[in-house]
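Colleague: The sequence and its predicted three-dimensional model are supplied below.
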Amino acid sequence: MLYSIAFLSGFAVMGYEILGTRVLFPYYGSSVYVLGAIISVFLAGLGIGYAAGGRIADSSSGANHLSRIVFFPTILVLSFPLYGYRFCEFFYALNFESRVGALLLSVIIFLLPCVFLGAVIPIIVKIVATNSGRIGRAAGNVYAVSTSGSIAGTLFTSFFLISWMSVSKGIIFTGSVLAVAWILCVVRARIRSPQPPR
């Protein structure tokens, strides 16, 4: 179940990133500057999330926070069509230079979900390592599964999803993938913490 959560979160990150480029293209074009801005913001968010997730994982109740951490980006991605395009229109109306506008807009609409998604992996590593007693193997396996999910998300989104539905619906689909990961977190928490008999 933990590996499934890692796979789905990796899938969602890359799917969201590719769809994010399609969100910005109508406003700032498809130049390398736009791609560089989005990629940089996603990497920055994941990096911050890795560091924050490591601190959370080392806390006494780190494992209990997993479902909450997955819940926030799920809501942010699912509700993106309600707020994302409004931010795009607002920043575009400010007439920033394309590189500045693309970077600032990417930070506003993409950074926070990436921070939460980055925090997922260290927590899963800590749980797996605690259960198995093998820290190196746990980290390697979790990151390998997450990366496999990212590859699957990249190929599926670019090869199929974009041609099947609009960008907004594609983002909602990506949020639904995260919703499945969140459900798995909740189920795992229930299994690990059974209710006392009445």
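Modeller: Cool, got the structure. Numbering: from 1, shown residues only.
Colleague: Rounded mean pLDDT for stretch 107-124, please.
Modeller: The average pLDDT for stretch 107-124 rounds to 93.
Colleague: Then stretch 46-54?
Modeller: Stretch 46-54 shows a mean pLDDT of 92 in the predicted model.
Colleague: One more: stretch 30-42?
Modeller: Rounded mean pLDDT across stretch 30-42 is 90.
Colleague: Pull out the buried residues from that stretch.
Modeller: The neighbour-count check on stretch 30-42 (16 or more other Cβ atoms under 10 Å) flags 33, 34, 37, 38, 41, 42 as buried. Any C-beta I mention is one placed from the backbone N, CA and C, and that applies to glycine too.
Colleague: any chance of the residues you listed in CSV, plus distance to residue 49 and secondary structure?
Modeller: Below are those laid out as CSV (distance: Cβ to Cβ, whole Å; DSSP: H, G, I helix; E, B strand; the rest coil):
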residue, distance to residue 49, secondary structure
33, 24, helix
34, 23, helix
37, 19, helix
38, 16, helix
41, 12, helix
42, 10, helix
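Colleague: Report the separation between residue 129 and residue 177.
Modeller: Applying Cβ to Cβ, to the nearest Å, the value for residue 129 to residue 177 is 25 Å.
Colleague: Of the two, which one has the most company?
Modeller: residue 177 (21 against 18; other Cβ atoms under 10 Å).
Colleague: so that one touches residue 12, yeah?
Modeller: Yes. Residue 177 is in contact with residue 12 according to Cβ atoms under 8 Å; the separation is 4.9 Å.
Colleague: Not counting residues beside it along the chain, what's closest to residue 126?
Modeller: Leaving aside its chain neighbours, residue 126 sits nearest to residue 57 (3.7 Å; criterion: Cβ to Cβ, 6 or more residues apart in numbering).
Colleague: The spatially closest residue to residue 59 that is not a sequence neighbour: what's it in contact with?
Modeller: Of all residues not flanking residue 59 in the chain, residue 65 sits nearest, at 8.0 Å (Cβ to Cβ, 6+ apart). In this structure, residue 65 makes contact with 56, 59, 123, judged by Cβ atoms under 8 Å, 6 or more residues apart in numbering.
Colleague: Only the buried subset of those, as a PyMOL command please.
Modeller: Buried members of the contacts of residue 65, defined by 16+ other Cβ under 10 Å, are picked up in PyMOL with:
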select buried, resi 56+123
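Colleague: that older thread, report the secondary structure state of the residue nearest to residue 126.
Modeller: helix (DSSP: H, G, I helix; E, B strand; the rest coil).
Colleague: what comes up buried for the longest helix along the chain?
Modeller: Secondary structure of the chain per DSSP state H: the longest helix is helix 98-132. Residues of helix 98-132 classed as buried under the neighbour-count rule (16+ other Cβ under 10 Å) are 98, 101-106, 108-129.
Colleague: No more questions from me, cheers.
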